[in-house]
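Engineer: here is the input, now give the coordinates:
(2 chains)
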There are 2 protein chains.
Amino acid sequence: MQPKRQGRPPTLENARERILDDAANLFAREGYDGTSLGDLAVSVGVTKAAIYHYFPNKKEIYEGIIVRTLDGLLREVSAATAEAKAPEDALRRFMTAHADYFEEHYNGFLAMLVGYGGMQNVVMLAEAQQLRDDYENLLRTILSDGTEAGQFRDVDVQLTSRAVLSMLNWMARWFKPGKGRRASSFAQDYCDLILGGLRA
Amino acid sequence: MQPKRQGRPPTLENARERILDDAANLFAREGYDGTSLGDLAVSVGVTKAAIYHYFPNKKEIYEGIIVRTLDGLLREVSAATAEAKAPEDALRRFMTAHADYFEEHYNGFLAMLVGYGGMQNVVMLAEAQQLRDDYENLLRTILSDGTEAGQFRDVDVQLTSRAVLSMLNWMARWFKPGKGRRASSFAQDYCDLILGGLRA
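Structural biologist: Numbering: from 1, shown residues only, chains lettered A, B, ... in the order given. This next block holds a predicted model:
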C-alpha cells in the first residue's frame, strides 16, 4: 500500500516524526475527523499499537504537529537571521525564511494556524506559547535593533511585528505550493514594501 | 425567554436580517454544529416554520451571513472612501472603515472569514466572489490612482492590496472587541506604517 516504505520499519529515532508528518498530510487530505488512527498506522507502516506507544490519542498527535511546526519555524528562522549583517538584511532573512518554512511544511503549518487556538494539553500548550513568544521576540529584536542602529524609523515594535506576521501568515489563505512563484519571492516583495513604504 | 423581543414579531422587512444576525451570534457562541434551527427560532422569537420560510437549511443561513457581511463591508467602505480628497486619505478611510465594520459586525465577520472557502450554494458563492472582487478592486483603484497622481510609488498593486488586506484580516486572530483600543485605531497605525515604511 505504501511501496516506498516497504522494508523500512520505523526506528525509535524517527517514528515520532514520521507519525507527525503523515498525520499532517492525512489531516490536510481527509480532514481531522476523516482520519482514523488506523489510517495513520497504515500510512506510516506500523501497527495502531505502535502509534499508541507515542501518542495517547488523535488530539495529541494534532497538538504534536503544532508544537513541532512552531519549533521548526523558530529554529530555521533563527538560523537564517543569525547570519545577517544588518537590520534590513535580518528582516529580509526573517521574512523569506518564514515563507520557505511555510511552503516546505505546508500541511503542518496550516494545521498549526488552524489548531493553535484550540489546544487542550496544558504541557503542549505552554510549549507552543513559549515558542510563539520566542518567535515574536526574534522579530521584535530585529526591529528594535534597526531603530537603535538608526536604520529603521522609531516605530511601534509590537505593531510593526504584527504587521509583518500578518502578511506572512495570511499567505496560508491564498498561496498554494507548487503553483508558480515561491512563497519566499512574495516575502521579498512584502519586505521591500514594508521597508520602503508606499508614499512617493 | 427573550423579553426584549416580546411583542415584536418579525416583519417581512427585517425577519431575514434578524435571522442572520442571531445566527451569527449563536454560531459564535455555540458553534455551528452546536446551533439548531430550533435554538435560532427561539432566539429570533419566531417558529421554526418561519425560519424555513426564509432559508431551506442551516448551511444556507451560514452562507447568507457570509454574503451579507461582504455586501455590508463593500457598501460601508465604498461610502467612506467616496468622500476622500486624495489617495492617502482614501487609503486611510479604506483601512479604518474596514476595521470599524469588522469590529461592529465581529461575529458575522469571523463567520465570513472561516466559511468563505467552504461555500456550496453556487448562487451565493458567485455573489460572494463578485463582492470580494469588487472590494479588492476598490482598494486596487485607490492604490493605482495614488501612483498615477504621483503620490504613491510605482508598486505592484496586487501585492500591495494583498499586504493591506492581510494586516486588516489577520486582526480576526488577535483583536477582541470591547477590550481597549478600537480596531480602527490599529488600522490607523497600520496605514502610517504602510505609507511611511520602516526605513529611516
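
Engineer: CA only for contacts and neighbour counts going forward, please
Structural biologist: Noted.

Engineer: residue of chain A nearest chain B, please.
Structural biologist: residue A:197 (3.5 Å; CA to the nearest CA).

Engineer: name the nearest residue to that residue, sequence neighbours excluded.
Structural biologist: Excluding its sequence neighbours, the residue lying closest to residue A:197 (CA to CA, 6 or more residues apart in numbering or on different chains) is residue B:197, at 3.5 Å.

Engineer: from what I see, the one you found and residue A:190 are in contact.
Structural biologist: No - contact criterion CA atoms under 8 Å: residue B:197 and residue A:190 do not qualify, at 11.1 Å.

Engineer: residues contacting the residue nearest to residue A:197?
Structural biologist: A:193-198 (CA atoms under 8 Å, 6 or more residues apart in numbering or on different chains).

Engineer: please look at residue A:144 and residue A:159 and confirm they touch.
Structural biologist: No - applying CA under 8 Å as the test, residue A:144 and residue A:159 come out as separate, 12.0 Å apart.

Engineer: check which residues of the lengthiest helix in chain A are buried.
Structural biologist: The residue-count maximum for a helix in chain A (DSSP state H) belongs to helix A:122-148. For helix A:122-148, the neighbour count (16 or more other CA atoms under 10 Å in any protein chain shown) marks A:124-125, A:127-128, A:131-132, A:134-136, A:138-140, A:142-147 as buried.

Engineer: and the residue nearest to residue A:197, its phi and psi?
Structural biologist: As for residue B:197, its main-chain torsions (degrees, to the nearest 10) stand at phi 70, psi 170.

Engineer: likewise residue A:119?
Structural biologist: phi -70, psi 140.

Engineer: measure how buried it is and give me the count.
Structural biologist: Using other CA atoms under 10 Å in any protein chain shown, residue A:119 has 18 neighbouring residues.

Engineer: same deal with residue A:71?
Structural biologist: Residues lying near residue A:71 (other CA under 10 Å) number 18.

Engineer: residues contacting it?
Structural biologist: residue A:131.

Engineer: and it, what element?
Structural biologist: helix A:58-82 (DSSP states H and E).

Engineer: centre of the chain to that helix, how far?
Structural biologist: Taking the mean of its C-alpha atoms, helix A:58-82 sits 6 Å from the chain's own mean (CA atoms, centre = their mean, to the nearest Å).

Engineer: ok, now stretch A:177-191?
Structural biologist: Put simply, stretch A:177-191 sits 16 Å off its chain's centre (CA atoms, centre = their mean).

Engineer: and that stretch, anywhere near chain B?
Structural biologist: Yes - shown here: stretch A:177-191 in contact with chain B (CA under 8 Å from any CA of the partner chain) through A:186, A:189-190.

Engineer: low-confidence stretches in chain A?
Structural biologist: Applying pLDDT under 70 to chain A flags residues A:1-13.

Engineer: from the chain's centroid, how far away is the longest helix of chain A?
Structural biologist: For helix A:122-148, the distance to the chain centre is 14 Å (CA atoms, centre = their mean).

Engineer: on contacts alone, who are the packing partners of the helix or strand following the helix holding residue A:71?
Structural biologist: Remark: after helix A:58-82, the chain's next helix or strand is helix A:87-104, criterion DSSP H and E. Packing partners of helix A:87-104 (3 or more CA pairs under 8 Å, 6 or more residues apart in numbering or on different chains; DSSP states H and E): helix A:58-82, helix A:122-148, helix A:157-169, helix A:183-196.

Engineer: which residue is the nearest non-sequential neighbour of residue A:194?
Structural biologist: residue B:197 (5.1 Å).

Engineer: tally of neighbours for residue A:174?
Structural biologist: There are 7 residues near residue A:174, going by other CA under 10 Å.

Engineer: okay, domains of chain A per the record?
Structural biologist: A:1-55, A:57-196 (automatic domain parsing).

Engineer: go ahead and confirm residue A:16 touches residue A:50.
Structural biologist: No - in this structure, residue A:16 is not within contact of residue A:50 by CA under 8 Å, at 9.8 Å.

Engineer: residues in contact with residue A:39?
Structural biologist: Taking CA under 8 Å, 6+ apart, we find residue A:39 in contact with no residue.

Engineer: and residue A:14, by the same measure?
Structural biologist: Neighbouring residues of residue A:14 by CA under 8 Å, 6+ apart: there are none.

Engineer: quick check: the gap between residue A:181 and residue A:175.
Structural biologist: Residue A:181 sits 9 Å away from residue A:175, going by CA to CA, to the nearest Å.

Engineer: more neighbours, these two?
Structural biologist: residue A:175 (17 against 11).
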